[in-house]
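Participant: The sequence and its predicted three-dimensional model are supplied below.
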Amino acid sequence: MNSSSLRALALEYKSLQEEPVEGFKVKLLNDDNFYEWSVGIFGPPQTLYAGGYFKATMKFPQDYPYSPPSIRFITKVWHPNVYENGDLCISILHPPVDDPQSGELPCERWNPTQNVRTILLSVISLLNEPNTFSPANVDASVMYRRWRESNGRDNEYPNIIRKQALQAKLEAEKEGIVVPLTLEEYCLKPKTNPNNQEPQLDMTDFYDDFDDDECSESETESQNGDGEDSGNAE
């Protein structure tokens, strides 16, 4: 076991427990193994995935952070960049090799400055803004493009996503997980304590790495679904 990678993962995990980020929750699959994490991703409000709680596993290599982890969804996710077996395909998790055939720039791929926070925030962005140029799920990609090009008249794609999000929400509720349904619930606002000390965040809710305007702007963009290139597939 690589002691430097273990230390890096332990520090990241501790940081995410002490200062969670809006949009996802993480825990260890086994308390004695920092190389396999359980991840729960909340569907952003005002998007097709609103209300959903999508579970995945994240596995880290022994030389992390020099090599990227892998992510596999356990919850069924119909998406252009998710393989049938649940494996996620996104540029940020691709090794930084020179591959002209992929259509990806080296700067779009993995580098050691990335971390779990940046990975999962990229995944959340990718959910509502898939890359359809080199999809992992061709049928989902075709269906997504047909929906976009029909200006919402063809509802096959959104109907599937909303059905999966609803099912995922019901499963989350069985586990006692509260899923945020509004932007206010999803993006926590800093609160000042009664003693007029430094602003504190409510430990019972989600934490926000961004200010309110940035979070609201991000969700608005996700609602509009104007981008397709936030994450590139293989």
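Facilitator: Ah, there it is. Residues are numbered from 1 along each chain as shown.
Participant: low pLDDT regions in the chain?
Facilitator: Applying pLDDT under 70 to the chain flags the ranges 1, 97-107, 188-234.
Participant: in the longest helix along it, what counts as buried?
Facilitator: Secondary structure of the chain per DSSP state H: the longest helix is helix 156-174. For helix 156-174, the buried set under the neighbour-count rule, 16 or more other CB atoms under 10 Å, comprises Y157, I160, I161, R162, Q164, A165, A168, K169, A172. Bear in mind the C-beta positions are built from the backbone N, C-alpha and C, glycine included.
Participant: Would you mind pulling the contact partners of the top strand by length along the chain?
Facilitator: Longest strand in the chain by number of residues (criterion: DSSP state E): strand 33-42. With contact meaning CB atoms under 8 Å, 6 or more residues apart in numbering, strand 33-42 is reached by 5-6, 9-10, 13, 22-30, 52-62, 64, 71, 116, 120, 123-124, 127, 172, 177, 179-180, 186.
Participant: ok, 7 Å please
Facilitator: 6, 9-10, 13, 23-30, 53-60, 120, 123-124, 179-180, 186 (CB atoms under 7 Å, 6 or more residues apart in numbering).
Participant: What pairs with it, parallel or antiparallel?
Facilitator: With DSSP bridges as the test, strand 33-42 is paired with strand 24-30 (antiparallel), strand 53-59 (antiparallel).
Participant: Nearest to A136 among those strands would be which one?
Facilitator: Closest to A136 of these, according to CB to CB: strand 53-59, at 14.4 Å.
Participant: got the buried residues for the helix or strand that that closest one is followed by?
Facilitator: Going down the chain from strand 53-59, the next helix or strand is strand 70-73, by DSSP states H and E. Neighbour counts over strand 70-73 (16+ other CB under 10 Å) mark I71, F73 as buried.
Participant: Buried residues of whatever helix or strand comes next after strand 70-73, list them for me.
Facilitator: Counting by DSSP H and E, the element after strand 70-73 in chain order, helix or strand, is helix 116-128. Along helix 116-128, these residues count as buried under the neighbour rule (16+ other CB under 10 Å): V116, R117, I119, L120, L121, S122, V123, I124, S125, L126, L127, N128.
Participant: now the angle between strand 24-30 and helix 116-128, please.
Facilitator: If you take axes from the mean of the first three to the mean of the last three CA atoms, to 10 degrees, helix 116-128 sits at 120 degrees to strand 24-30.
Participant: Helix 116-128 relative to helix 156-174, how many degrees between them?
Facilitator: 130 degrees.
Participant: ok, and what's touching the helix or strand following helix 116-128?
Facilitator: The C-terminal neighbour of helix 116-128 among helices and strands, as given by DSSP H and E, is helix 138-149. For helix 138-149, the surrounding residues in contact (CB under 7 Å, 6+ apart) are W78, H79, P80, P130, T132, P135, D154, E156, Y157, P158.
Participant: Narrow the residues you listed to just the buried residues.
Facilitator: Buried, going by 16+ other CB under 10 Å: W78, H79, P80, P130, T132, P135, Y157, out of these.
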